[in-house]
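Trainee: coordinates for the following, if possible.
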Amino acid sequence: MLPDPVVDREEPGRWWPHPGFTAEFWADPDNAEIDLVHLHFGFEHLTPAQTTNFVDILRERDIPLVFTVHDLDNPHLVDQSDYHQQLGILIGAAAEVLTLSTGAQDVVEKRYGRRPQLTAHPAIVADPHRYAGTPGTRPVVFLKSVRANVVTDPRFYRDLGAEIYIHHGADEQLEQLADHRHAPMDDATLFRTIAAHRVVVLPYTRGTHSGWMRMCRDLGVSVAVPDCGCYDTQIPLDDGVAVYRTGDGRDAARVVNQLLAAHPVPPAPIPEAIEQHHRTYRALTGMAAGVTAGAR
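Mentor: Residues are numbered from 1 along each chain as shown. Okay, the predicted model is just below:
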């Protein structure tokens with residue numbers, strides 16, 4: 001596994017497009033030993049033509065591509081047309097396609113004619129017991145920067161009655177409802193804040209899978225998810241996940257009460273996703289251990 005390159009030494013933690021999408025990256029002799037690429041996130045800044053150029057570069061070098069379909073619809077975008085075209089290019093070019101739920105398997109097969117291998121979302125919190133506390137009974141919503149797939153109708157949040165966290169300057173109307181206005185949290189602060197609640201509500205209007213759901217269940221916190229996307233099949237047979245009607249704050253409140261009544265629910269088991277990935281890499285490269293380059 002290659003370490004992420006530092007693109008901006010002044011701000012090494014900010015998001016950046018991985019240089020591995022460019023021809024210049026592959027012309028660098030230091031990258032000649034890469035024998036497999038696993039792409040999960042971070043390609044929506046490309047045009048469909050640039051996406052085609054990327055897979056052509058890998059094909060010319062006989063480098064297999066493993067592609068995880070995390071988002072059938074990109075939560076950062078309103079117009080999905082180019083993104084859907086990108087998915088078709090990547091799914092068609094990949095040596096192996098993975099996805100994170102049975103629901104997404106069905107959609108990918110129907111839309112793109114290829115059924116992905118099912119894999120679990122990897123655990124996010126490595127040591128959840130470190131963040132254990134005494135959780136309160138009020139549900140919580142983390143709006144962060146209010147992405148394009150988040151409910152913006154204030155009535156939803158009034159009906160829900162949840163504690164609300166939001167980034168400074170994210171949305172003036174929703175900030176007026178928020179209990180906490182804050183800068184982005186580091187991981188430890190975020191984990192402690194989530195663990196201080198029994199139920200987190202995901203206020204999404206569309207999407208597919210959720211790292212937030214996985215993070216909450218790592219911490220033993222229950223999650224209310226909308227009935228859009230594939231959230232309901234991401235962690236199957238988990239009593240810590242319940243589904244509400246998308247955009248309906250009253251139904252979300254009903255589901256929250258259901259989850260509170262069932263609390264505490266043990267953390268979701270840690271999946272063996274990483275070992276599954278390694279088996280896939282070994283099968284494609286014929287090596288004892290694969291060398292991969294990822295993309296944020």
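
Trainee: ok, residue 65 - how many residues close by?
Mentor: Per other C-beta atoms under 10 Å, the neighbour tally for residue 65 reads 19. Quick note: C-beta positions are derived from backbone N, CA and C, even for glycine.

Trainee: name all residues that make contact with it.
Mentor: 36-39, 55, 58, 90, 93-95 (C-beta atoms under 8 Å, 6 or more residues apart in numbering).

Trainee: switch to 7 Å and redo it
Mentor: By C-beta atoms under 7 Å, 6 or more residues apart in numbering, the contact set of residue 65 is 37, 39, 55, 58, 93-95.

Trainee: now swap in residue 75 and tell me
Mentor: Neighbouring residues of residue 75 by C-beta under 7 Å, 6+ apart: 147-149, 207.

Trainee: how much space between it and residue 143?
Mentor: Distance, residue 75 to residue 143, by C-beta to C-beta, to the nearest Å: 13 Å.

Trainee: picking up where we left off before, quick one: buried ones out of the contacts of residue 75?
Mentor: 149, 207 (16 or more other C-beta atoms under 10 Å).

Trainee: reformat the contacts of residue 75 into a markdown table and put secondary structure and distance to residue 279 next to each item.
Mentor: Compiled in a markdown table, these are given as follows (DSSP: H, G, I helix; E, B strand; the rest coil; distance: C-beta to C-beta, whole Å):
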| residue | secondary structure | distance to residue 279 |
| --- | --- | --- |
| 147 | coil | 33 |
| 148 | coil | 36 |
| 149 | coil | 33 |
| 207 | coil | 28 |
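
Trainee: farthest-separated two in the contacts of residue 75?
Mentor: The largest separation in the contacts of residue 75, counting by C-beta to C-beta, is between 148 and 207 at 10.0 Å.

Trainee: below-threshold pLDDT in the chain: ranges please.
Mentor: Along the chain, the model assigns pLDDT under 70 to residues 1-3, 5, 7, 12-15, 287-296.

Trainee: helices of that one, residue ranges please.
Mentor: Secondary structure of the chain (DSSP state H): helices at 23-27, 48-60, 81-93, 102-112, 154-160, 172-175, 187-195, 211-218, 249-262, 273-285.

Trainee: okay, these in TSV with mean neighbour count next?
Mentor: Putting the helices of the chain into TSV (neighbours: other C-beta atoms under 10 Å) gives the following:
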stretch	mean neighbour count
helix 23-27	13
helix 48-60	16
helix 81-93	17
helix 102-112	17
helix 154-160	17
helix 172-175	14
helix 187-195	17
helix 211-218	22
helix 249-262	18
helix 273-285	16
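
Trainee: residue 6 is nearest to which of these?
Mentor: Comparing the helices of the chain by their distance to residue 6 (C-beta to C-beta), the top pick is helix 23-27, with 13.9 Å.

Trainee: which other residues reach that closest one?
Mentor: Residues outside helix 23-27 that contact it (C-beta under 7 Å, 6+ apart): 19, 31, 57, 61.

Trainee: I'd like to know which of these are buried.
Mentor: Neighbour-count burial (16+ other C-beta under 10 Å) is assigned, among those, to 31, 57.

Trainee: of all the contacts of helix 23-27, which comes closest to residue 103?
Mentor: residue 57 (32.1 Å).

Trainee: please save the CA atoms from stretch 265-285 in CSV.
Mentor: Only the C-alpha atoms of stretch 265-285 are listed here, as CSV (Å, rounded to 0.1, in the frame of the first residue of the first chain):
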residue,chain,number,x,y,z
VAL,A,265,-27.8,-2.3,21.0
PRO,A,266,-24.3,-3.8,20.8
PRO,A,267,-21.9,-2.4,18.2
ALA,A,268,-22.1,-4.0,14.8
PRO,A,269,-19.5,-6.7,14.3
ILE,A,270,-16.3,-5.6,12.7
PRO,A,271,-16.4,-6.9,9.1
GLU,A,272,-13.6,-8.8,7.4
ALA,A,273,-13.6,-6.4,4.5
ILE,A,274,-9.9,-5.6,4.5
GLU,A,275,-9.0,-9.3,4.3
GLN,A,276,-11.5,-9.7,1.5
HIS,A,277,-9.9,-6.8,-0.3
HIS,A,278,-6.5,-8.4,0.1
ARG,A,279,-7.8,-11.7,-1.4
THR,A,280,-9.1,-9.8,-4.4
TYR,A,281,-5.7,-8.1,-4.8
ARG,A,282,-3.8,-11.4,-4.6
ALA,A,283,-6.1,-13.0,-7.1
LEU,A,284,-5.6,-10.2,-9.6
THR,A,285,-1.9,-9.7,-9.2
